[in-house]
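>>> pasting the structure only:
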């Protein structure tokens, strides 16, 4: 009997050790494969799944997961990095097998999302979709804020306008460009004219068009990158 119990104990320990070394990587690999097959179409993806003991992954229980995807296509706009992360929750293996991403995640709390847009990708997107009232829009991201340049029609003429401002998150989860300074043909407008024109030159970015609902909570500019952080 003692030998039997000892054998069972050794088998259990070996099983748990194998789980620790294999299950997190297997779960992470499954997430990567489904991400690659999803409509996000990342150029590269990597994932980590956290669970202790790792054997509970077999029951679909995890302590957390992080999925990073590079060169993601979001409805025609290229994103250089998309990170999805949650702590504690469950993993629906059937949803993973069926490719229902990110429905396979059943988090105990909100899913954190971080998007990184390169300046060149934003400008490529704007050149294709345009901005209302502004022709050939072009963004310049820098540590002092955001400059938007383009052409506007006025009395049959095409005038070059330059606006300086910032992207800011709103309570409803949108990201809005709020211009604070306006120049026309390189000349600053008077404060009175600026106040009349600036409210009409705002535009918004929203996560509502993504493959999942995304509410932006924070906006940062690092170098030539626009970074949106929020949650699902």
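Structure received. Keep in mind it's a predicted model, so treat the numbers as computed, not measured.
>>> Please name the bridge partners of residue 183.
Judged by DSSP bridges, the bridge partners of residue 183 are residue 162, residue 188.
>>> Report the helix or strand with the lowest average pLDDT across this protein.
helix 93-98 (a mean of 60; mean pLDDT, DSSP states H and E).
>>> host element of residue 28?
helix 2-37 (DSSP states H and E).
>>> neighbouring contacts of the following helix or strand past that helix?
Counting by DSSP H and E, the element after helix 2-37 in chain order, helix or strand, is strand 44-50. Under the criterion CB atoms under 8 Å, 6 or more residues apart in numbering, residues 24, 27-29, 31-32, 35-36, 57, 62-71, 91 lie in contact with strand 44-50. Glycine gets a C-beta too; all of them are placed from N, C-alpha and C.
>>> how does it look with 10 Å?
23-36, 38, 57, 62-72, 81-82, 84-85, 87-88, 91 (CB atoms under 10 Å, 6 or more residues apart in numbering).
>>> Of the residues you listed, just the buried ones, PyMOL syntax please.
Remark: buried members of these, expressed as a PyMOL selection using 16 or more other CB atoms under 10 Å:
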select buried, resi 23+24+27+28+30+31+32+33+34+35+36+38+57+62+63+65+66+67+68+69+71+72+81+82+84+85+87+91
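>>> With residue 90 as the reference, measure out to the residue lying closest to residue 57 once chain neighbours are set aside.
Leaving aside its chain neighbours, residue 57 sits nearest to residue 23 (4.4 Å; criterion: CB to CB, 6 or more residues apart in numbering). Distance of residue 23 to residue 90, given as CB to CB, to the nearest Å: 14 Å.
>>> what about the helices in this structure?
Ranges of helices within the chain are 2-37, 93-98, 119-129, 191-197, based on DSSP state H.
>>> And those helices, which one averages the lowest pLDDT?
Among the helices of the chain, helix 93-98 has the lowest mean pLDDT, at a mean of 60.
>>> Distance across stretch 89-109, terminal residue to terminal residue?
End-to-end distance of stretch 89-109: 8 Å, with CA to CA, to the nearest Å as the criterion.
>>> can you tell me which residue is nearest the centre of the protein?
What sits nearest the mean C-alpha location of the chain, by CA atoms, centre = their mean, is residue 115, with 2.8 Å.
>>> nearest spatial neighbour of residue 89, skipping sequence neighbours?
Nearest residue to residue 89 in three dimensions, chain neighbours excluded: residue 107, at 3.8 Å (CB to CB, 6+ apart).
>>> no no, residue 141
Among residues not flanking residue 141 along the chain, residue 119 sits closest, at 4.7 Å (CB to CB, 6+ apart).
>>> got a list of what residue 57 touches?
By CB under 10 Å, 6+ apart, the residues touching residue 57 are 19, 22-24, 26-27, 49-51, 63, 90-91, 93.
>>> so residue 55 makes contact with residue 62?
No - contact between residue 55 and residue 62 fails when scored by CB atoms under 10 Å: they sit 11.6 Å apart.
>>> Quick check: neighbours shared by the two?
What both residue 55 and residue 62 touch, as defined by CB under 10 Å, 6+ apart, is the set residue 23.
>>> Fine by me, thanks again.
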